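1. predicted structure and sequence below. I'll ask about it afterward.
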Amino acid sequence: MSTIISYFIFLLVLLILTLVLFIGLSNIRLISNTY
């Protein structure tokens with residue numbers, strides 16, 4: 001049971017990291033486009 005929970009937490013962290021990276025890249029593109 002604990003392995004399933006840890007695996008779910010790992011997937012959740014991976015998803016959050018991907019979202020943060022995607023938002024950061026899009027922000028950099030917007031900033032570079034304005035300047």
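-> Alright, I've got the coordinates.
2. Leu25: how many residues sit nearby?
-> Neighbours of Leu25 under the rule other CB atoms under 10 Å: 10. Heads up, the C-betas are built off the backbone N, CA and C, glycines and all.
3. do the same with Ser6
-> Ser6 has 10 neighbours, counted by other CB under 10 Å.
4. same check, this time on the one 3 residues further on
-> Ile9 has 10 neighbours, counted by other CB under 10 Å.
5. remind me which helix or strand it belongs to.
-> helix 2-34 (DSSP states H and E).
6. C-alpha coordinates for stretch 18-26, PDB please?
-> Extracted in PDB, the C-alpha atoms of stretch 18-26 (Å, rounded to 0.1, in the frame of the first residue of the first chain):
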ATOM      1  CA  THR A  18       6.600  19.800 -15.700                       C
ATOM      2  CA  LEU A  19       4.000  22.500 -15.300                       C
ATOM      3  CA  VAL A  20       6.400  24.900 -13.600                       C
ATOM      4  CA  LEU A  21       9.000  24.300 -16.400                       C
ATOM      5  CA  PHE A  22       6.400  24.800 -19.100                       C
ATOM      6  CA  ILE A  23       5.200  28.100 -17.500                       C
ATOM      7  CA  GLY A  24       8.700  29.300 -17.000                       C
ATOM      8  CA  LEU A  25       9.600  28.600 -20.700                       C
ATOM      9  CA  SER A  26       6.500  30.400 -21.900                       C
END
